[in-house]
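Enquirer: build me a model from this:
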Amino acid sequence: MLPSISVVIPAKNEQGNIGKLVKEIHDSLKVYPQFEIVITDDGSTDNTVQEALDAAQECGCDLQIVSHEKSCGQSTAVLTAVKHAKGEWIITSDADGQNDPSDMPSMLELAAQVKKPHFCIAGYRAKRLDTAWVRFQSKVANTIRHALLGDGVPDSGCGLKVIPKATYLRLPFFDHMHRFLPALIKSLDGEIVVHQVAHRDREAGTSNYNAWNRAWVGIVDLLGVIWLQRRTKNPMVKAVSSVNSK
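Expert: A predicted model of the protein is given here:
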């Protein structure tokens, strides 16, 4: 039996997308007895919260919404949702509907096969529907990141990932950390599994979280992750000896 599951979603002004997404996630995961959706409303000024609540009420889905007083950015919004999540495993997803929830069950099946306590099932959008310019910038960013970090992931920016909650909360937090999750988890001697997923067109609104998707903007963060990688120690415990005097 799989552990309990929380789908965490950072959302900012996603009216027109979030309601449909909640229903699609419910349809994809309703066979799992213990799952919920946790949305961080990251300073939305539209009807995002009410649309999500109405959709969850309509389909009978367990939902938490944690609202930030003002926008704090995607990485902070994800961490807020993870901290409030009840599930043992976390599925991360973007709020714009471009990630397809029908990919989630196959990713959970892969997660169930992992033997290590720390892992990341990382989505890979082989056929992206973004503009040629966005795809080019993403390819440059992924090439640089992979060359320097060696995380083995061709598409670190894909929002769909499965990670144990305990693993996520062990990671060092910094802005834009969500772009480096596979590398950070690999530093914990975690297992990284890449899984091809679908990519869909955005149906409403425009992206609110797109600033990092440029190689040069993330250089400082990239250097910081390299620093963390080189200083992370994972000792192998040979034995534990003890004396119990009682």
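Enquirer: now I18: closest residue in space, sequence neighbours ignored.
Expert: Nearest non-adjacent residue to I18, counting by Cβ to Cβ, 6 or more residues apart in numbering: A52, 4.8 Å away. Where you see a C-beta, it was placed from the backbone N, CA and C, and this is true even at glycine.
Enquirer: that neighbour: what's it in contact with?
Expert: A11, I18, G19, V22, I39, L63, I65 (Cβ atoms under 8 Å, 6 or more residues apart in numbering).
Enquirer: now with 10 Å?
Expert: By Cβ atoms under 10 Å, 6 or more residues apart in numbering, the residues touching A52 are 9, 11, 14-15, 17-19, 21-22, 37, 39, 41, 44, 61, 63, 65, 95.
Enquirer: phi and psi next, for V194.
Expert: When quoted as degrees, to the nearest 10, the phi and psi of V194 stand at phi -100, psi 130.
Enquirer: no wait, C59
Expert: phi -100, psi 0.
Enquirer: and D62, what does it touch?
Expert: By Cβ under 10 Å, 6+ apart, the neighbours of D62 are S6, H26, Q34, F35, E36, I37, V38, A56, K86.
Enquirer: my bad, R200
Expert: Shown in contact with R200 (Cβ under 10 Å, 6+ apart): D96, G97, Q98, N99, D100, R125, L129.
Enquirer: mind listing the helices for the protein?
Expert: Ranges of helices in the chain, per DSSP state H, are 18-29, 48-59, 74-84, 104-113, 132-149, 165-170, 181-186, 219-231.
Enquirer: before we move on, back to that, narrow the contacts of R200 to just the buried residues.
Expert: D96, G97, Q98, N99, D100, R125 (16 or more other Cβ atoms under 10 Å).
Enquirer: and the third one, how far is that from M107?
Expert: Note on Q98: its distance to M107, by Cβ to Cβ, to the nearest Å, is 16 Å.
Enquirer: for K30, same thing?
Expert: Look at K30 and M107: by Cβ to Cβ, they are 16 Å apart.
Enquirer: for D201, same thing?
Expert: 21 Å.
Enquirer: those two - which one has more neighbours?
Expert: A count of neighbours by other Cβ atoms under 10 Å puts M107 above the other of D201 and M107, at 20 against 9.
Enquirer: which ones are touching the more buried one?
Expert: Contacts of M107 by Cβ under 10 Å, 6+ apart are W89, I91, I121, A122, G123, L160, K161, V162, V193, H195, V197.
Enquirer: tabulate these (TSV), appending pLDDT, neighbour count and distance to L181.
Expert: Output for those, formatted as TSV (pLDDT from 0 to 100; neighbours: other Cβ atoms under 10 Å; distance: Cβ to Cβ, whole Å):
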residue	pLDDT	neighbour count	distance to L181
W89	98	26	14
I91	98	29	13
I121	97	26	11
A122	93	26	8
G123	92	28	11
L160	95	26	11
K161	96	26	6
V162	98	25	11
V193	95	17	13
H195	94	18	14
V197	93	23	15
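Enquirer: possible to save the residues you listed as TSV with distance to L184?
Expert: Listed next are the contacts of M107 as TSV, based on distance: Cβ to Cβ, whole Å:
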residue	distance to L184
W89	17
I91	17
I121	15
A122	12
G123	17
L160	17
K161	12
V162	15
V193	16
H195	19
V197	21
